[in-house]
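Trainee: Can you look at this prediction? I've put the sequence above it.
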Amino acid sequence: MTFKLASAAALSAATLLLSVSAASAQCGKASWYGPGFHGRTTANGERFNQGAMTAAHKSMRFGTKLRVTNKSNGKSVVVRINDRGPYVKGRMLDLSKGAATKIGMIKSGSGAVCIEKI
């Protein structure tokens, strides 16, 4: 059996690629919102649909797509940023009711998630 060692340049490139991927994922607390806001105008001007796969973030550009993964069960969903929030200290994302349902976060109301831009 023979093994080939990778060159230092190849290892550096692989390390850089892994670092960039890890840097694009953020973990924190998310919550969900829906019934009281359904049909109201969101921060980007569209009507809020609690069943849509959308989310609110404090500063990400409208239209940004994120993969949101529930850390407690591994379920994930792709959402589009269309609103501002959350306005509760310690939370990084507010999911629509539809998105929260997909990742099993309805009963708990909030939970630990990781987000990644896609």
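Mentor: Arrived safely, thanks for sending.
Trainee: what about the strands in the protein?
Mentor: 25-33, 54-56, 65-70, 76-83, 91-96, 110-117 (DSSP state E).
Trainee: Deepest-packed of the ones you listed, please.
Mentor: strand 54-56 (a mean of 25; mean count of other CB atoms under 10 Å). In short, each C-beta sits where N, CA and C put it, glycine included.
Trainee: Which other helices and strands does that one contact?
Mentor: When contacts are defined as 3 or more CB pairs under 8 Å, 6 or more residues apart in numbering; DSSP states H and E, strand 54-56 sits against strand 76-83, strand 91-96, helix 97-102.
Trainee: Please work out the average pLDDT along that strand.
Mentor: Taken as a whole, strand 54-56 carries a mean pLDDT of 98.
Trainee: Give me the sheet partners of that strand and which way each runs.
Mentor: With DSSP bridges as the test, strand 54-56 is paired with strand 76-83 (parallel), strand 91-96 (antiparallel).
Trainee: Of all the ones you listed, which one comes closest to residue 64?
Mentor: strand 76-83 (4.5 Å; CB to CB).
Trainee: hmm, who's touching the closest one?
Mentor: 42-44, 46, 48, 53-57, 60-70, 94-96, 99, 102-103, 118 (CB atoms under 8 Å, 6 or more residues apart in numbering).
Trainee: average model confidence for that strand?
Mentor: Throughout strand 76-83, pLDDT has a mean value of 98.
Trainee: between it and strand 110-117, how big is the angle?
Mentor: Inter-element angle recorded for strand 76-83 and strand 110-117: 80 degrees (by axes from the mean of the first three to the mean of the last three CA atoms, to 10 degrees).
Trainee: Flag the shaky bits of the chain, pLDDT-wise.
Mentor: 1-24 (pLDDT under 70).
Trainee: Recalculate using a threshold of 90.
Mentor: Within the chain, the stretches with pLDDT under 90 are 1-25, 34-35.
Trainee: Quick one: residues contacting the residue lying closest to residue 90 once chain neighbours are set aside.
Mentor: The shortest distance from residue 90 to any non-neighbouring residue, by CB to CB, 6 or more residues apart in numbering, is to residue 29 (5.8 Å). Residues near residue 29 by CB under 8 Å, 6+ apart: 90, 91, 92, 110, 111, 112, 113.
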